[in-house]
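> just the structure for this:
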Amino acid sequence: MNRLHLHMLSDSTGETLENIAKAALAQFDGVEIIKHFWPMVRSEVHLNRILAEVAENPGLVIFTLVNRDIRTRLERECRHLGLPVVPALDAVTDALSNMLGQEAKARPGRQHILDAAYFARVEAIQFTIAHDDGVGWENWEEADIVLAGVSRTSKTPTSIYLANRGYKTANIPIVPESPPPDALFHLKNPLVVGLITGASRLVQVRRNRLLSLNQAPETDYVDEEKVKEETLYARRMFADNGWPVIDVTRRSIEESAAAIINFHNERHLETRVDSADKSS
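Numbers count the residues shown, from 1 in each chain. I've put the predicted structure just below:
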């Protein structure tokens, strides 16, 4: 197995740099990565300690540093050691600079403005976990998105994925014998999206679920005629309320979430256009 020392230097918390490294490393198998993480690098004294560690454990060096003196010295010392050094955000920053016709502001820790987005994401995850499977419907109005669908249409994993993108998401199972609360049909703020799938596929998924739980495999839950009635009931509900619908049969969670986010963005764009028209 290959072994690589990976040194990550940031003049802020380093969260962005860690995510970049994680995404890149996911492309490689059979590699042992020894990470050396150095956040808040803002002085020559701090850099001296790091360079000693880099020399002792040579490997790849990546950084997000905007202080010109510190990054110049880091690059010079890495070249002296014969080590590759990569400014992780430079290519994107340069492209933006060219497109916008502006020089980037060299402010250490400027990415702290992402902190608000981070805390919003944490809040979205907490909200979503607390509003799974129809729980907490009394304050669904606080949600960004509400997913509705019959059992095993990937409502929960899709909700969690959306929460990780910062969207407060609730979900509700559609069961003919137990209609959803009336509040679902009178929501003003959240986007309600219906998730559907083919009856045959749904029976297969449900049967596998029952087997994994060591439960009786032959019930109305997996009876194809009953499942067809159930899915038809859900489709009629979605159509009657004019909710956008996504067929998840051949979609991954990521693909379903991307389609939902597109619906959400289009809705908010229409709202802004309507508001502008009314004010003009």
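> flag the shaky bits of this structure, pLDDT-wise.
Along the chain, the parts satisfying pLDDT under 70 run over 1, 104-117, 216-217, 270-280.
> just the helices in it please.
Along the chain, counting by DSSP state H, helices occupy 15-25, 44-56, 68-81, 90-100, 115-130, 155-164, 199-212, 224-241, 253-279.
> same list, those helices, but as CSV with distance to Ala148 and mean neighbour count please.
(Glycine included, C-beta is placed from N, CA and C.) Converted to CSV, those look like this (distance: least, C-beta to C-beta, whole Å; neighbours: other C-beta atoms under 10 Å):
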stretch, distance to Ala148, mean neighbour count
helix 15-25, 32, 14
helix 44-56, 52, 14
helix 68-81, 51, 15
helix 90-100, 38, 11
helix 115-130, 15, 15
helix 155-164, 8, 22
helix 199-212, 15, 15
helix 224-241, 7, 15
helix 253-279, 12, 13
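> which of the ones you listed sits closest to Ser178?
Closest to Ser178 of the helices of the chain, according to C-beta to C-beta: helix 224-241, at 11.4 Å.
> which residue lies farthest from the center of the protein?
Most distant from the centre of the chain: His80, at 39.8 Å, with distances by C-alpha atoms, centre = their mean.
> that residue and His5: what is the separation?
Relative to His5, His80 is positioned 17 Å away (C-beta to C-beta, to the nearest Å).
> the domain parsing of the protein - what is it?
2-108, 117-279 (automatic domain parsing).
> how about the helices of the chain, which one is nearest Leu184?
Nearest of the helices of the chain (C-beta to C-beta): helix 224-241, 8.5 Å.
> please name the residues that touch the residue nearest in space to the middle of the chain.
The centre of the chain sits closest to Arg165, judged by C-alpha atoms, centre = their mean, with a distance of 3.5 Å. By C-beta atoms under 8 Å, 6 or more residues apart in numbering, the contact set of Arg165 is Arg121, Ala124, Ala257, Ile261.
> for those residues, which one is nearest Ile145?
Closest to Ile145, out of all of the contacts of Arg165 and judged by C-beta to C-beta, is Ile261, at 8.6 Å.
> quick one: the closest one from Ala170, how far?
For Ile261 relative to Ala170 (C-beta to C-beta), the value is 16 Å.
> isn't Ala21 right up against Leu9?
No - between Ala21 and Leu9 there is no contact under C-beta atoms under 8 Å: 11.5 Å.
> tell me, what's touching the two both at once?
Common neighbours of Ala21 and Leu9, using C-beta under 8 Å, 6+ apart, are Ile62.
> circling back: right, and the helices of the chain - which one's nearest Glu177?
Nearest to Glu177 among these is helix 224-241 (9.4 Å), distances taken as C-beta to C-beta.
> helices or strands next to the closest one in the packing?
Applying 3 or more C-beta pairs under 8 Å, 6 or more residues apart in numbering; DSSP states H and E, one finds that helix 224-241 contacts strand 145-149, strand 191-196, helix 199-212, strand 245-247.
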